[in-house]
Each structure stands twice: as C-alpha cells, then as structure tokens.
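J.: Structure, please.
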Amino acid sequence: MSVSVEYLDKYYGSQRVLKNVSFDIKGAGVTGFLGPNGAGKSTVMKILSGVISPSAGVAKVNGMNILQYPKEIKSIIGYLPEHNPLYPDMYVKEFLYMTASIYRIAQKRQAVSKAIEMTGLSPECGKKIGSLSKGYRQRVGLARNLLHDPEVLILDEPTTGLDPNQIVDIRNLIKEMGKEKTVMLSSHIMQEVEVICDNIIIINRGEIVASETTSSLKISDKVTEIEFLEHAGIDIFKKAAFVEKSEMTKSGKFLVKGHDNRDIRAELFRWAVENKMTIISMQQKERHLEDVFRLMTKQNR
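T.: Residues are numbered from 1 along each chain as shown. Just a heads-up that it's a prediction; the model follows:
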C-alpha cells in the first residue's frame, strides 16, 4: 500500500496551483494532509483519485501511474470528496447495492452488510438518504467507499459540518481503518489530526513545506516565545537575518523560529541589546500542531 507523488504541477489556465509537489506515503496508517484554504489539498486528492489530470509530474498508487492504470487504481482506492455526492431519494441499502453493482462485487449482500456494520449505519439503513443527518450522510459516503475493500482511502474534510458527537464517531472509524489501510486525510481541525494521524504533510501555496511524523514535527520545530517591554510591530524581525519566520500573538508576544531549526535565544538577546529593546520574558515553547501549522503557513515574513 503506497501513495507517491513526484514533481506534481497543476495549472488552471495561467494560474499555477501546484508547484513541484513531492511526497511518499507507505503502508497502513493515517496521514494528515494539511494546508490553508486554496493551498492545493483538494487538487492533489482529485489527481490521486483520477478526477482530474496533473499538468506535469507523476502520481502513483501502489506503484501504478494514475495516467497509465486509471481503472486498476480506482478499484483499489476509496475517495470521499469534501462535498459528498449522494442520491437523496434513494434508500441507504438501495444506494449501497447499486454501488456494489457498479464495482461488480460478487458477494454484494456480504459487502453491503459489512460496510453498514463498520460505519454504524444499521439504525438508519432503512431510510432515504435525504432524510439523514449530515453525520449519517457522511457515514453513507464512507460505507460506499468501503464496499470494495480498498487498500487506499482518500478523505477530503470528512468531518466538516458535523456536531461534536458525530466528529468523535467518524474520527474513531477513520482511526480504526488506518490499522489496515493507507488513509490520506484532509482536515482543518488540528486537534483531530493530532489524535488520529501518524504522519503529517503540510502544503502552502501549492508547495510542500513539511512532511514528517506527527510527533517529530511538533518536537523538532523549535520556536522561541519572546516579550518586550517596548511596543513592537509585527515586522520587527524583518531585517533579522537569523530569523526564518515570526508571528505576533494576540497578547503582544512573538513566536520566532530560526534557520535550520536551531536555538536562537542567544542571538535574540544580542539583537535586543543592539536594537535597544528590553526583554521581559523569553523561552522555548512546547509546540502544538496548530502552532506549527500557523508558523509554517503564515505569510508575514
């Protein structure tokens, strides 16, 4: 089980939305695919699922080029887009049996029953899809993509619009599926990603800016929190060559990251003296994924 992307480019007219995107996902597990709105997440997922073609580069699923083996790849992946396309006038079981027929599944009854059980659809399987809550409609979408027992699942914002209880249910389901399948998950909920994802890929403005395990991404990304006595603007570190990125917090403090992920506290102290700034506090912070994401996708530097 694997997903591989090499130097992927995508243009919509003259607009370049993907820029030499490369990453590898191997084996079972859940990989979080993160980025701001418009960063290129959905475009990558659509390319991998065969919905659209890349302008340049190579995308492979289980070693097969998506352009050369489209039918074979669609038989081993499940793709749940952000806007889950369903037939509201069809009954849940009716819809799943129709999908099983499209996939030419020999044992339809067993496949439908297993998908219903896995996604917790039993209480609602006798209803029309249009009468279901958003949470159960998402379950129907997941069930549809589990019918043919895919090796790779691509899920684009699967918990958008769900209430807290529904989010927990879907989250647990995805985590369970990640034990046996390669799952690629797009989400804006950082706490969700921290809980269920083994690896993280961050894309910003069409470029990959991070690709690591969830734990190492948080630990290795050193950031210093610093507060000054004097009032300082957001661009205070713009000319500080040793600073790679910085941002101002709501409380007026600064989160500062150095080049090569090094400890820059001594450099910050010397810089403050040279610029006649009085340091009130300075410390290296334990990072949350949300902090890492914001610092890597901020455009103020």
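
J.: how near is residue 292 to residue 191?
T.: 13 Å (C-beta to C-beta, to the nearest Å). The C-beta positions use only the backbone N, C-alpha and C, and glycine is treated the same way.

J.: What is the burial count for residue 234?
T.: When neighbours are defined as other C-beta atoms under 10 Å, residue 234 has 12 of them.

J.: going forward can the numbers begin at 784, since that is how I track them
T.: Sure, I'll start numbering at 784, so the last one becomes residue 1017.

J.: and it, helix, strand or coil?
T.: Recorded secondary structure, residue 1017: coil (DSSP: H, G, I helix; E, B strand; the rest coil).

J.: Tell me which of residue 1075 and residue 974 has more neighbours.
T.: residue 1075 (24 against 13).

J.: so that one makes contact with residue 1000?
T.: Yes - at 5.9 Å, residue 1075 and residue 1000 qualify as touching, with contact defined as C-beta atoms under 8 Å.

J.: which residues are common contacts for these two?
T.: Residues within reach of residue 1075 and of residue 1000 at once, by C-beta atoms under 8 Å, 6 or more residues apart in numbering, are residue 993.

J.: ok, which stretches of the stretch 984-1084 of the chain are helices?
T.: For the stretch 984-1084 of the chain, applying DSSP state H, counting those that start in this stretch gives helices covering 997-1003, 1048-1057, 1072-1080.

J.: same thing with the stretch 834-983 of the chain?
T.: Going by DSSP H, counting those that start in this stretch, the stretch 834-983 of the chain shows helices at 853-857, 875-885, 891-902, 917-929, 947-960, 973-979.

J.: about what we covered before: deepest-packed of the helices of the stretch 984-1084 of the chain, please.
T.: Among the helices of the stretch 984-1084 of the chain, helix 1072-1080 has the highest mean neighbour count (mean count of other C-beta atoms under 10 Å), at a mean of 19.

J.: counting contacts, what elements does it pack onto?
T.: Using 3 or more C-beta pairs under 8 Å, 6 or more residues apart in numbering; DSSP states H and E as the contact test, the elements touching helix 1072-1080 are helix 973-979, strand 982-987, strand 990-996, helix 997-1003, strand 1026-1031, strand 1037-1041.

J.: Tell me which of those sits nearest to residue 857.
T.: strand 982-987 (22.6 Å; C-beta to C-beta).

J.: Format the helices of the stretch 834-983 of the chain as CSV; extra columns: distance to residue 1021 and mean pLDDT.
T.: Shown next, in CSV, are these (distance: least, C-beta to C-beta, whole Å; pLDDT from 0 to 100):
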stretch, distance to residue 1021, mean pLDDT
helix 853-857, 46, 92
helix 875-885, 54, 94
helix 891-902, 50, 92
helix 917-929, 44, 90
helix 947-960, 39, 86
helix 973-979, 27, 85
